[in-house]
Structure formats: structure tokens, C-alpha cells
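Trainee: Dropping the sequence and predicted coords here.
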Amino acid sequence: MKRNSDAVRTMCSQHDELRALVVRYRSELAKPAPDLAALSDCRWKLLRLVMAHLAYEEAHLFPALARSGPALEAAGRALESDVSALFARFQEHVREWTAVRIEADWRAFGEHASMLLNALIVRMDREEQDLYAPLLVAKAA
């Protein structure tokens, strides 16, 4: 059980770091004009943190879910697919929204970025509720 609780604690810490970055990113999006350096920093940190989190989940969460039974394993794989698709959308967003395009259509960029950030928050909340909490309960039983 300690191994699972340590992994859940680490993943929740990663989520906290991502949520803090989302707050910073949203504050950048609220500005009347883009600060391209700050936006670039937010975007690349977000991709890096999400990629590291996905790798950690692959190494720790999914094996623990598999040991906890088919229902949790299936729920984990379904959510993994959703999160991987969201990560791909973030990568596409960074590729498509160049500095020139951001400056040309700041409002549309903000709307698109906000939509992705909201989706990330929803996914993290679902992971915590649907996977992390049941994993701890399954191991405690």
C-alpha cells in the first residue's frame, strides 16, 4: 500500500504543479496584448510537465491499477487515452499558434488556449477522483 500511496502523492503533486502553471498561463491570457516570452515559457513548461506526468503514470499508475483489478485497469486505460489525446492537442496548439499568429489574433489564441487549459483541469480532476482515490481504497481493503 505504501508504494501506491507514494505514487498517488507524487502524481497529486504533479497535478498541483500543473494547476499552478495553469493559473500563471491564464494570467498571461488575461493581458490586453501578448507577452510572447512569458507565453512561450508557459507553453513549453506545460508540455514538459504533462509529458513527465504521463511517463510517471505509465511507470507507476497503470501497473498499480492492473494489480487492483480489471475495473480500475479499464478505467485507467480509458482515461489514459483521453489524456494522451489532450496532450496531442496541446502539441498541435503549440505548432499551429506561432508568435506571428498569436499577435495577429490574440483573442482567438486566448479562447483556444483557455479551452485546452479547462480540458486539462477536468482531466486532472477525473484522474484524482476516478483513479487515485479508488486505487488507495482498493489497496486499503
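Mentor: All right, it came through fine.

Trainee: Now do the helices in the chain.
Mentor: Applying DSSP state H to the chain gives helices spanning 2-29, 36-56, 62-67, 70-96, 99-104, 106-126, 133-140.

Trainee: Comparing those helices, which comes out most buried?
Mentor: Highest mean neighbour count among these (mean count of other Cβ atoms under 10 Å): helix 62-67, with a mean of 18. Every C-beta, even on glycine, is put in place using the N, C-alpha and C of the backbone.

Trainee: Can you give me the distance of R9 to Q91?
Mentor: Note on R9: its distance to Q91, by Cβ to Cβ, to the nearest Å, is 28 Å.

Trainee: Confirm for me that P34 is in contact with F109.
Mentor: Yes: P34 is in contact with F109 according to Cβ atoms under 8 Å; the separation is 7.4 Å.

Trainee: joint contacts of the two?
Mentor: Common neighbours of P34 and F109 (criterion: Cβ atoms under 8 Å, 6 or more residues apart in numbering): I102.

Trainee: could I get the helices of the chain as CSV with mean pLDDT?
Mentor: Putting the helices of the chain into CSV (pLDDT from 0 to 100) gives the following:
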stretch, mean pLDDT
helix 2-29, 94
helix 36-56, 94
helix 62-67, 86
helix 70-96, 86
helix 99-104, 97
helix 106-126, 96
helix 133-140, 74
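
Trainee: Leaving out the residues flanking it, which one is nearest to F109?
Mentor: Counting by Cβ to Cβ, 6 or more residues apart in numbering, I102 is the residue found nearest to F109 once chain neighbours are left out, at 4.7 Å.

Trainee: Quick one: residues contacting the nearest residue to G76 once chain neighbours are set aside.
Mentor: Distances taken as Cβ to Cβ, 6+ apart place L65 nearest to G76, at 4.0 Å, with adjacent residues excluded. By Cβ under 8 Å, 6+ apart, the contact set of L65 is 72-73, 75-76, 131, 135.
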